[in-house]
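one predicted model, sequence on top.
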Amino acid sequence: MKNVLIIFLFMLIVFSLSGAMASDFSKAIIFDVPHDAAVTRFGPDYGSALTPEEQAEIMSYQFSGDTLKILIILVDWWDRPETYSAETFDTVFLSRGLFPPGSVAEYFNEVSYGQMTVTGDIYGWHNLGFYSSGMNMEDIIASLDPYIDYSQFDGDGDGNADAVIFIHAGNGQEDTGDPNDIWSHALLYPEGYAPGPYDGKKFPRLCTAPETMPLRDSLNPTIFSGFRALNRISVAAHELSHNIGLPDLYDLDDKLDTMTYITPGDGNDHPVVDWCLMGYGGYGILSIGNIIPAHLHSWCKVHMGWIEPVVLDQAEYQDLVIYNIETTQFNSLYKIPIDDAAGEYFLLEYRNPGSSAMFDKFDSDFSVYFWPDLTYGADTLDRGLLITHVDDSLTESIWGLNLGLPLYDHYSVAVEDAGYDPAHDAWSNPEGHVTDSSQWWYPYETRKGALFSNDVPGQSEFGPDTYPNSDSYNGYTGIYVRVDSIVGDKLYAYVNTDGDGDGVPCFIDNCIDQPNPAQVDADADGNGDVCDNCPDDYNPDQIDSDGNGVGDVCEYVCGDANGDDGVNILDITYLINYLYKGGPAPDPEIAGDADGNDSINILDITYLINYLYKDGPDPIC
């Protein structure tokens, strides 16, 4: 455990907003704060001045070192004093084997399979005057420069402090809903606008989390008791995950409107629910009562380079062994490609609350919404196969968020919910109402038994005819997965990726032929319709409407970089991915040359932004 530096009261620098340096939040990406609260805290122009290149710089960052050196600064106010000592937070963040159910350092050691070590130091408590003065993280860093050697917090040697987290006295607004509390968030700058340098280091990644959490009344958990307790690590680990390069995977749209929880297909459908720390698995909204954070979803672990999925590139797999992903780095994550070029695939991982892992033990707890029908307290995590539908072409969006509707017609990372069936509502339960023991769909669009498992009748299969089904975002795949048994740390599954039975996996067999009636050769030219990009008049759905000899689906639209026959924000995303992240080139390339200068570069991205959002001229190919 690192030594704790206590800056005593006589050393504190007290300042107010009137003496604070103005921060330019127009050059910052802010995670986790709902828009209305963000406008109040950061002003209406936050993030508005970021260029596409700066946005790409922020969103492409990934901590690549093996030691993350975090600076933890504790702050309080005269009228909002601290409750717990700095030594307590040294234990919460940096200890091993001392803080049940586990410290921040132990969390990242576990989810990274030992590949990232967290070290650091605690500074505080640092008094900021009166609470009305606020908390400007950039100014605090500047004011503490004489007392802290910032050069000690660059674990990967890139010239920037790895991560800075401010623990503020009191509760967080995300828990209490009180606008007088600070909403936990991460603040990310492009390096050119980051605070500093101080001691030769800049500070492009900052975040904050609360000291305490409010307790609920034991007789009526729908209300707070007026007491508070030491906050656990979930929120801090979530915000620090932003600092190492991970986006939110929950849907920001109307996230505080509980009516969105009971309306399937609306603009907020909780794509990863509580199966990820970057979803609601630790942030509290759907896991009330749970103090043990969920693991990071496998997509996040792949993104960080901590695990590599095994690609299922054969037609059929009998008795596929999948180890629990909590403790096993190898043969615990499998990938079924759907469309490799477009970045669409399924991920298969076995989640096991009975593993020897410290974390990933508890499921969503809805009792606060359904009390007294449900017993208040966290429920044991389901055991079984988590199947996730991924479209990586969307995860490279400007803000890198899992937004879905209304901006996109589907999510980038979305769990396939085995427990959701629109034919079953809460009152279809065997008891006739919501109960602790039910496996049926709850009104809040999630489940008690969403994993695929042979433990639960009707939840062992995922295929073309199940609900949900294995279709791609463009149609039929024929992919079929079945959980046959679960024994300890191993799950046994059957997987078939050959939808038409011709012995070729679906992602290779792009021209599925006549045995599959859903994908036929309508124009009899020898190419199945899903591959026939330029079908002729024999195919009534894909004809040559202008009589120029080129099928309509081959007629590119100028500026349509991703080939979806329209010009929208997805084309900007596609060009960012192509220019800066090694993504595929536009096909044909001329479609991505929006400004008509015979090359594809940042000017085309700027041109499309101007065209789409500022009434600029039409693209010119």
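Arrived safely. Residues are numbered from 1 along each chain as shown.

tell me, how many neighbours does the closest residue in space to D489 that isn't next to it in sequence end up with?
Nearest residue to D489 in three dimensions, chain neighbours excluded: N324, at 4.8 Å (CB to CB, 6 or more residues apart in numbering). (Each C-beta comes from the backbone N, C-alpha and C, glycine too.) By other CB atoms under 10 Å, the residues close to N324 number 23.

could you do the one 5 residues further on as well?
Close neighbours of Q329, defined as other CB under 10 Å, add up to 16.

the closest residue to it other than its chain neighbours and S241: what is the separation?
In space, Q329 comes closest to Y113 once its chain neighbours are excluded; the distance is 4.2 Å by CB to CB, 6+ apart. Using CB to CB, to the nearest Å, one gets 16 Å for the distance from Y113 to S241.

neighbour-wise, which of the two wins?
Counted by other CB under 10 Å, Y113 and S241 do not tie: S241 has more neighbours, with 27 against 17.

from memory that one sits against C300, does it?
Yes. Counting by CB atoms under 8 Å, C300 is a contact partner of S241 at 7.5 Å.

got any residues that touch both of those two?
Shared contacts of S241 and C300 (CB atoms under 8 Å, 6 or more residues apart in numbering): 277-278.

the residue nearest to D489 is in contact with Y350, isn't it?
Yes. Contact criterion CB under 8 Å: N324 and Y350 qualify, at 5.0 Å.

list residues touching both of those two?
Common neighbours of N324 and Y350 are listed as 332, 490-491 (criterion: CB under 8 Å, 6+ apart).

among these, which lie within strands?
490-491 (DSSP state E).

can you list the shared contacts of N324 and Y350 in TSV and add neighbour count, pLDDT and distance to Y613?
Output for the shared contacts of N324 and Y350, formatted as TSV (neighbours: other CB atoms under 10 Å; pLDDT from 0 to 100; distance: CB to CB, whole Å):
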residue	neighbour count	pLDDT	distance to Y613
S332	27	97	43
K490	16	97	51
L491	28	98	47
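
give me the element the spatially closest residue to T91 that is not a sequence neighbour is part of.
Closest residue to T91 apart from its sequence neighbours, by CB to CB, 6+ apart: F99 at 4.9 Å. Element membership of F99, judged by DSSP states H and E, is empty: it is in no helix or strand.

residues contacting F99?
Contacts for F99 (CB under 8 Å, 6+ apart) come out as 91-92, 106.

would you reformat these as a markdown table and include secondary structure?
A markdown table is the format used below for the contacts of F99 (DSSP: H, G, I helix; E, B strand; the rest coil):
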| residue | secondary structure |
| --- | --- |
| T91 | helix |
| V92 | helix |
| E106 | helix |
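
what's the span of stretch 468-477, first residue to last?
13 Å (CA to CA, to the nearest Å).

residues contacting it, please?
338-339, 344, 346, 391, 409-410, 416-418, 420, 462-464, 478-481, 499, 506, 512, 516, 518-519, 530.

I'd like the average pLDDT over it.
The average pLDDT within stretch 468-477 is 88.

centre-most residue in the chain?
Compute the mean C-alpha point of the chain, and by CA atoms, centre = their mean the closest residue is L249, 2.2 Å away.

show me the shaky parts of the stretch 151-300 of the chain.
255-256, 258-259, 261-265, 281-287, 289 (pLDDT under 70).

low-confidence stretches in the stretch 301-450 of the chain?
Judged by pLDDT under 70, the stretches of the stretch 301-450 of the chain that qualify are 363-366, 378-379, 395-400, 421-427, 429, 437-449.

all helices for the stretch 251-400 of the chain, in order.
Counting by DSSP state H, counting those that start in this stretch, the segments of the stretch 251-400 of the chain that form helices are 298-303, 367-370, 392-395.

out of the ones you listed, which one sits most buried?
Compared across the helices of the stretch 251-400 of the chain, helix 298-303 shows the largest average neighbour count, a mean of 23 (mean count of other CB atoms under 10 Å).

how's the chain carved up into domains?
By the assignment in automatic domain parsing, the chain contains the domains 4-245, 298-496, 556-613.

residues contacting S367?
Here S367 is in contact with 221, 288-289, 374-377 (CB under 8 Å, 6+ apart).

what's the answer for I336, then?
312, 345-346, 348, 479, 481, 495, 497, 507.

isn't S460 up against Y480?
No. Contact criterion CB under 8 Å: S460 and Y480 do not qualify, at 11.5 Å.

grab the nearest non-local neighbour of L347.
Using CB to CB, 6+ apart, the closest residue to L347 is T388 (4.5 Å).

for E87, see how far away that neighbour is.
From T388 to E87 the distance is 40 Å (CB to CB).

neighbours of W78, just the number please.
12.

repeat that for S95.
S95 - counted by other CB under 10 Å - has 16 other residues nearby.

thought A105 was touching it, still the case?
Yes. Here S95 reaches A105: they are 7.0 Å apart, a contact under CB under 8 Å.
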